[in-house]
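Undergrad: Next one to model:
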Amino acid sequence: MQVMQREAGTKCRRMLCYAATVFGGAMGSISHAQWSVVNLHPAWATDSSYAFGVEGGQQVGYAVAEAGGHASLWTGTAASWIDLHPEAMEFSYVYGVGSAQQVGYCGTSGDTQRASVWNGTAASWVDLHPLGASQSVAHGAHGGQQVGWARVSGGTRASLWSGTVGSWIDLNPATATDSVAIGIQSGNQVGTARVGGWQHASLWSGTAASWVDLNPADATQSEGFGIDGAQQVGIADVNGVTRASLWSGSAASWIDLHPHAATESSAFAADGGWQVGQVRLNGVWHASLWIGTAESWVDLSAYLPSGYGDSSARDVWHDGATTYVAGYGYNSDLGRNEALLWIVPAPSSAAMIGGMVIIATAQRRRKSAG
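TA: Alright, predicted model coming up:
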């Protein structure tokens, strides 16, 4: 279910901090925002690194060397990197963070994927793999609960845990052949269920019977990836185009976030009324941000230095004064993806967002002209 990009690599470390001043506003007023981008790629990683989650001053993901992936935790800089990799495992990956817990999976070459949760150290690792499952992965965490999936009796089942193997709850709807849970907040879970051979974006509140089908009426299929309060985000396939999507608890509430010029788009996470994901333009993925409408789209790749190709924004978090966006970008010079953290002071009004759109568009035009 994860939308992944190519991985390649050579050994090197580059720290960057790139800022762009943004001007905008209605009625001639001017708002200012200072975007900066921090490269989180660890010095030891000879291949790629990825940031998939951000919350509470923590960023999570994984970094790759010859021996395999290492579950990773950062606190704002490459030098802050913490290796969450359990000694007994050959590979480990983190996909989400919530309430100071990190979730993902671990395994060995002779073993299987095992849903996992950490509390900030490798030694804190807890195996969530359900009894009888052949594979399992955890994707999100909040309030002491974790969500993901487990493969049981040949079927993939959306799953909910409360910190232990024994707490496992099967969320698979009665009418679905397969399902996956990706996001969780305040007792609600979002993900996907396969119904009648098609994926349907899905919402739960702790049980299989609570399942709500979010698939829009005009969509052939859809998937849910993130949740924040009453909002859910993901994708919907409409008229043959995969479109970044926003819901508020029902299929009828669907909002199309797909920018006009894009060929494909995805929304992965939401926080405080902001949504993040990626947009495909002219064959290149652009890390992206929205505030509830397609017209609000901001191209976050405009704030990367030259030499970066595909990029993706995977999670967003506000602390009141600052907004943080975690993701990654492909460093074409070094041939690898690198974990990235976009940072901006929290805007005081929607007028600032309009300014971001104007400047990002102008920068793209200058790049095309150059």
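Undergrad: Any stretches of the protein with poor pLDDT?
TA: Across the chain, residues meeting the criterion (pLDDT under 70) sit at 1-33, 347-370.
Undergrad: For residue 141, give me its contacts.
TA: By Cβ atoms under 8 Å, 6 or more residues apart in numbering, the residues touching residue 141 are 96-99, 101-103, 117, 147, 184. C-beta coordinates here come from the backbone N, C-alpha and C atoms, glycine included.
Undergrad: so where do the helices sit in this protein?
TA: The residue ranges that make up the helices of the chain, judged by DSSP state H, are 350-369.
Undergrad: what residue lies at the spatial centre of it?
TA: residue 314 (2.7 Å; Cα atoms, centre = their mean).
Undergrad: tell me the contacts of that one?
TA: Shown here is residue 314, whose contacts under the criterion Cβ under 8 Å, 6+ apart are 50-53, 268-269, 276-277, 326-328.
Undergrad: picking that back up, neighbour count and distance to residue 169 for the contacts of residue 141 - can I get that in a markdown table?
TA: Putting these into a markdown table (neighbours: other Cβ atoms under 10 Å; distance: Cβ to Cβ, whole Å) gives the following:
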| residue | neighbour count | distance to residue 169 |
| --- | --- | --- |
| 96 | 30 | 18 |
| 97 | 29 | 21 |
| 98 | 24 | 17 |
| 99 | 15 | 18 |
| 101 | 25 | 17 |
| 102 | 30 | 21 |
| 103 | 31 | 15 |
| 117 | 24 | 15 |
| 147 | 31 | 10 |
| 184 | 29 | 12 |
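Undergrad: Give me the subset of these lying in strands.
TA: Using DSSP state E to define strands, the subset of the contacts of residue 141 located there is 96-98, 101-103, 117, 147, 184.
Undergrad: Let me have those residues in TSV, adding distance to residue 221 as columns.
TA: What follows is the ones in strands among the contacts of residue 141, written out as TSV (distance: Cβ to Cβ, whole Å):
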residue	distance to residue 221
96	23
97	28
98	27
101	31
102	30
103	26
117	30
147	20
184	22
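Undergrad: from the residues you listed, which is closest to residue 85?
TA: Among the ones in strands among the contacts of residue 141, residue 102 lies closest to residue 85 (Cβ to Cβ), at 11.7 Å.
Undergrad: Look up the closest residue to that closest one, ignoring the ones flanking it.
TA: Counting by Cβ to Cβ, 6 or more residues apart in numbering, residue 118 is the residue found nearest to residue 102 once chain neighbours are left out, at 4.4 Å.
Undergrad: Please apply the same query to residue 285.
TA: residue 310 (4.1 Å).
Undergrad: Determine the number of other residues adjacent to the one you found.
TA: With neighbours defined by other Cβ atoms under 10 Å, the count for residue 310 comes to 19.
Undergrad: next one: residue 174
TA: Burial measure for residue 174: 7 neighbouring residues, criterion other Cβ under 10 Å.
Undergrad: residues contacting the closest residue to it other than its chain neighbours?
TA: With Cβ to Cβ, 6+ apart as the criterion, residue 174 has its nearest non-adjacent residue at 6.8 Å, and that residue is residue 208. The contact partners of residue 208, taken as Cβ under 8 Å, 6+ apart, are 170-174.
Undergrad: want to throw those into TSV with distance to residue 39?
TA: TSV is the format used below for those (distance: Cβ to Cβ, whole Å):
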residue	distance to residue 39
170	40
171	37
172	40
173	42
174	47
